[in-house]
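Colleague: Just to be clear, the model below is a prediction. Sequence and coordinates:
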Amino acid sequence: MPVSTKPQASVAHRQWAKLPAELSPVPMAVRESLGPESVDFTSARLRMVQRLAASGVEHTRVLKVMNSVLRHQFVDSALAVQAYEDTSLPIGLGQTISKPSVVARMCELLLQSPAGKMGLGRILEIGTGCGYQAAVLSLMAKEVYTIERLRALHEKARVNLRPLRLANVHLILGDGMLGFEKGAPYAGIIAAAGGDSVPQAWCDQLAEGGRLVAPVMGPGQQQVLLVVDRSADGFQRTVLEHVHFVPLKSGLG
């Protein structure tokens, strides 16, 4: 299986280096909870997107969406000042919110698929977590089905997403390893947890022309990002860069 490398900085980087932030101001409640020394989240978010463009994220839609979703609203207030750094942050129960660079990378891979180039239809997210990636995906896809096995995180995501009124996001409490057959077939499937291999249920629920992006265990017991494309001829698998995700588990908790 071929190993790909990430693209280098290009036109997207030069464009975003000049663009101002075009987002709503930080809510007063958040400012008060952080105190007067709090950072300007609008500027911090723009700097995050500029770093994403510099690191090789090319897709303009991905960059715009990453600049639109307020990541600090999906983490505990004590961690809000770190929200736009390129780091994963704890969200409870041993789980984390993925790095912005990882979210952007995986979303870009979906949009680069045959189905994505025509406009993403229905997406399945494995591992809702705090709801951040579902919010990002909601601005790129027609529908997002997102499944979480841990009830406490499922409820946290519901609380985080409720103010956004995202009618195209469907929260499901269930075993992500089984996918969600009722919503299939999916133009894209994206996983926020990594196992030894990709569950067969995910492949079965992927539409022709669709793409699955998930971390799996690679050589040397290191996680790698795997892309699975489905065509009329079957499945094509491509191994990408090394990643680090929480373990994929079955059952409810």
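Modeller: Yep, that arrived.
Colleague: Could you point out the longest helix of the protein?
Modeller: helix 41-55 (DSSP state H).
Colleague: For the helix or strand residue 224 falls within, list the C-alpha coordinates in PDB.
Modeller: In the assignment (DSSP states H and E), residue 224 maps to strand 223-231. C-alpha atoms of strand 223-231 as PDB (Å, rounded to 0.1, in the frame of the first residue of the first chain):
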ATOM      1  CA  GLN A 223      -1.300   4.100  14.200                       C
ATOM      2  CA  VAL A 224      -1.600   5.300  10.600                       C
ATOM      3  CA  LEU A 225      -4.300   7.100   8.800                       C
ATOM      4  CA  LEU A 226      -6.100   4.800   6.400                       C
ATOM      5  CA  VAL A 227      -8.200   5.900   3.400                       C
ATOM      6  CA  VAL A 228     -10.600   3.400   1.900                       C
ATOM      7  CA  ASP A 229     -12.300   4.300  -1.400                       C
ATOM      8  CA  ARG A 230     -15.200   2.200  -2.700                       C
ATOM      9  CA  SER A 231     -15.800   1.900  -6.400                       C
END
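Colleague: what packs against the helix or strand following that strand?
Modeller: For strand 223-231, the following helix or strand on the C-terminal side (DSSP H and E) is strand 234-242. Judged by 3 or more Cβ pairs under 8 Å, 6 or more residues apart in numbering; DSSP states H and E, strand 234-242 is in contact with strand 223-231. For every residue, glycine as well, the C-beta is placed using N, CA and C.
Colleague: What residues sit buried inside the strand it packs on?
Modeller: Buried residues in strand 223-231, counted by 16 or more other Cβ atoms under 10 Å: 223-230.
Colleague: Just checking: what are the partner strands of that strand?
Modeller: Looking at strand 223-231 with DSSP bridges, its partner strands are strand 206-217 (antiparallel), strand 234-242 (antiparallel).
Colleague: and of these, who's closest to residue 44?
Modeller: Comparing the strands paired with strand 223-231 against residue 44 with Cβ to Cβ, the closest turns out to be strand 234-242 (25.5 Å).
Colleague: Turn the strands paired with strand 223-231 into CSV, including mean pLDDT.
Modeller: Formatted as CSV, the strands paired with strand 223-231 follow (pLDDT from 0 to 100):
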stretch, mean pLDDT
strand 206-217, 95
strand 234-242, 94
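Colleague: So for residue 85, which of these sits nearest?
Modeller: strand 234-242 (19.7 Å).
Colleague: picking up where we left off before, nearest to residue 52 among the strands paired with strand 223-231 would be which one?
Modeller: Closest among the strands paired with strand 223-231, using Cβ to Cβ: strand 234-242, at 15.0 Å.
Colleague: Could I get the buried residue list for that closest one?
Modeller: Quick answer for strand 234-242 (16+ other Cβ under 10 Å): 239-240.
Colleague: again, but for stretch 124-131
Modeller: So, applying 16+ other Cβ under 10 Å, buried residues of stretch 124-131: 124-131.
Colleague: how near is residue 198 to residue 113?
Modeller: For residue 198, the distance to residue 113 equals 16 Å [Cβ to Cβ, to the nearest Å].
Colleague: For residue 177, grab the count of nearby residues.
Modeller: 20 (other Cβ atoms under 10 Å).
Colleague: Sorry, slip of the keys, the one I care about is residue 250.
Modeller: A count of neighbours around residue 250, defined by other Cβ under 10 Å, yields 12.
Colleague: lowest-confidence helix or strand of this protein?
Modeller: Counting by mean pLDDT, DSSP states H and E, the chain has its least confident helix or strand at helix 28-34, which shows a mean of 41.
Colleague: Now the element after the longest helix of the chain, going C-ward?
Modeller: Following helix 41-55 toward the C-terminus (DSSP H and E): helix 60-66.
Colleague: Give me the distance from whatever helix or strand comes next after that next one to the chain's centre.
Modeller: Moving toward the C-terminus from helix 60-66, the first helix or strand encountered (DSSP H and E) is strand 89-92. Distance of strand 89-92 from its chain centroid, counting by Cα atoms, centre = their mean, to the nearest Å, is 15 Å.
Colleague: Thanks a lot, see you next time.
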